[in-house]
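K.L.:
For reference, the sequence and a predicted model appear below.
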Amino acid sequence: MSIQIPRGTQDILPGQSDIWQLIEQKARDLCKKYQYREIRTPIFEHTELFTRSVGDSTDIVQKEMYTFEDRGERSLTLRPEGTASAVRSFVENKMFGHANQPVKLYYMGPMFRYERPQAGRYRQFVQFGVEALGSADPAIDAEVISLAVMLYRELGLKSLKVVINSLGDKDSRKAHRDALVNHFQPRIGEFCADCQNRLRTNPLRILDCKQDRDHELMETAPSILDFLNEDSREYFLKVQKYLTDLGISFEVDANLVRGLDYYYHTAFEIMSEAEGFGAITTLCGGGRYNGLVQEIGGPETPGIGFALSIERLIAALEAEKVELPIAQGIDCYLVYLGDEAKDYTVGLLHELRAAGFSAERDYLDRKIKGQFKAADRSHAKFVAVLGDDELQTNKINLKNMETGEQTEISLDSLIDKLKELLN
Ligand code: ATP
Ligand code: MG
């Protein structure tokens, strides 16, 4: 039996990879404008990094990590997300001491989670994410949200919904937590086993349960927004004002929670409302966290970030039938006629490429007709035809494939001529 691709992974084939490259480039360009700089961390980390930073009680740590022991008997884990590594590196490289604050980072690369594969859910997927560390200015919250929104918008997505919430500060959260426990405790027996655990470990996450989402107690659960103290309320209002200033419309959803204990103040998600997008509509999730840098051994530092996957972004583009402007075609295809000309095109092809053109020639000994077909298939803008006779007289035939126009030019002038015509 032939060997197949592992479950939950995919090959990005030529053609599709053009789309990926375009998206990735767009993300990088945006980060440049917003002044987020790339950080590249290892694909695997000590398991402890994730159990500590993502949190023991989360789905990721409980059941989704690819954890293995290496030959030195260290427990390592393929990274399930990017924030932990970024923060580890921030601490390890003492970025908190850099003159340039806040430290604004972005990452892009594969993440690994042992999930049940379905549309929009893979075991290896690529996340693009940003982290801004060292500022507690609500303007950074708005900036981070707007960066994600701009990426989607610039790629042509229209049916977007931005949902925000505030989890408040420590005091607000504590008061809310107590109220949640009081609310769910008497009837917790009616909830799933996970929720029964959550009541003790992190009652907030009950609100995020997919199994019990229709239980009547969910709707009547105490809203975090009623527990925000003065500072938290002000902070949240500022974020909303700034988002409005940036032309980003949003909804407030008091039930939007992020799992980690470290999250506070702003939490947000961006969803696709495109028809036929499927059950999983969240494209991007993010929020503000505090205490994470300390947990990893650094000084108390506020942070905010988001993560989105390219897979779901592409699914949204497909649902909205957005055609990305993928540049097709090559500048010049070299067609040869005769043995000497054939040999000569080897060097000539190299010269064209060295001069900056995308260029190709035949490698299958095709007849001239077959070579022209190949030129068509590669969407060549120009075809240069060189026969043994032309070679003798230092000439070459240049055909503009769009207009059909043909001219004989001197072989030495090919590069200059192409430069002139392609400009
Ligand atoms: P979900 O509720 O869909 O499981 P999550 O809370 O696990 O999402 P995060 O950890 O916040 O997701 O990751 C941020 C983003 O990464 C998600 O909004 C989604 O776009 C993407 N993402 C998460 N898991 C996967 C996956 N298995 N395959 C593809 N994309 C994913
Ligand atoms: Mg998940």
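P.N.:
Received the coordinates, thanks. Ligands and ions are numbered 1, 2, ... in the order given.
K.L.:
Got phi/psi on the spatially most central residue of the chain?
P.N.:
Nearest to the geometric centre of the chain sits F128, at 2.9 Å (Cα atoms, centre = their mean). With angles defined as degrees, to the nearest 10, F128 sits at phi -110, psi 130.
K.L.:
give me the beta-bridge partners of it?
P.N.:
Bridge pairing for F128 (DSSP bridges) gives the partners M108, L308.
K.L.:
Please verify my assumption that it contacts Y106.
P.N.:
Yes - F128 is in contact with Y106 according to Cβ atoms under 8 Å; the separation is 7.1 Å. Bear in mind the C-beta positions are built from the backbone N, C-alpha and C, glycine included.
K.L.:
just the helices in the stretch 251-400 of the chain please.
P.N.:
Taking DSSP state H, counting those that start in this stretch to define them, one finds helices in the stretch 251-400 of the chain at 292-295, 310-319, 339-354, 368-377, 388-393.
K.L.:
can you put the ones you listed in a markdown table and add mean neighbour count, mean pLDDT and distance to ligand 1?
P.N.:
As requested, the helices of the stretch 251-400 of the chain are exported to a markdown table (neighbours: other Cβ atoms under 10 Å; pLDDT from 0 to 100; distance: least, Cβ to the nearest ligand atom, whole Å):
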| stretch | mean neighbour count | mean pLDDT | distance to ligand 1 |
| --- | --- | --- | --- |
| helix 292-295 | 21 | 93 | 14 |
| helix 310-319 | 20 | 96 | 4 |
| helix 339-354 | 15 | 97 | 37 |
| helix 368-377 | 15 | 97 | 34 |
| helix 388-393 | 15 | 94 | 54 |
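K.L.:
Relative to I3, which of these is closest?
P.N.:
helix 310-319 (23.0 Å; Cβ to Cβ).
K.L.:
can I get the CA coordinates of that closest one in CSV?
P.N.:
In CSV, the C-alpha atoms belonging to helix 310-319 read as follows (Å, rounded to 0.1, in the frame of the first residue of the first chain):
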residue,chain,number,x,y,z
ILE,A,310,-4.1,31.0,7.1
GLU,A,311,-6.3,27.9,6.5
ARG,A,312,-9.4,29.5,7.9
LEU,A,313,-8.5,32.7,6.1
ILE,A,314,-8.4,30.9,2.8
ALA,A,315,-11.6,29.1,3.6
ALA,A,316,-13.3,32.5,4.1
LEU,A,317,-11.8,33.8,0.8
GLU,A,318,-13.3,30.7,-0.9
ALA,A,319,-16.7,31.2,0.8
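K.L.:
tell me how far it is from the chain's mean position?
P.N.:
Averaged C-alpha coordinates place helix 310-319 at 11 Å from its chain's average position (Cα atoms, centre = their mean, to the nearest Å).
K.L.:
Other residues contacting that helix?
P.N.:
Applying Cβ atoms under 8 Å, 6 or more residues apart in numbering, the contact partners of helix 310-319 are 19-20, 23-24, 119-120, 122, 125-128, 151-152, 155-157, 159, 272, 274-278, 280, 282-283, 324.
K.L.:
Also near ligand 1: which of the residues you listed, exactly?
P.N.:
Among these, the ones lying near ligand 1 by Cβ under 6 Å from any ligand atom are G120, Y122, F125, Q127, I280, T282, L283.
K.L.:
What residues does the first one make contact with?
P.N.:
By Cβ under 8 Å, 6+ apart, the contact list for G120 reads G278, I280, E311, R312, A315.
K.L.:
what do you get for the third one?
P.N.:
Contact partners of F125, counting by Cβ under 8 Å, 6+ apart, are P110, M111, R113, S309, I310, E311.
K.L.:
quick revisit: which residues do F128 and Y106 both contact?
P.N.:
Residues touching both F128 and Y106 by Cβ under 8 Å, 6+ apart: A27.
K.L.:
so where does whatever residue of the stretch 51-200 of the chain ends up closest to ligand 1 fall, helix or strand?
P.N.:
Among the residues of the stretch 51-200 of the chain, F125 lies closest to ligand 1, at 3.6 Å counting by Cβ to the nearest ligand atom. Element membership for F125, per DSSP states H and E: strand 124-133.
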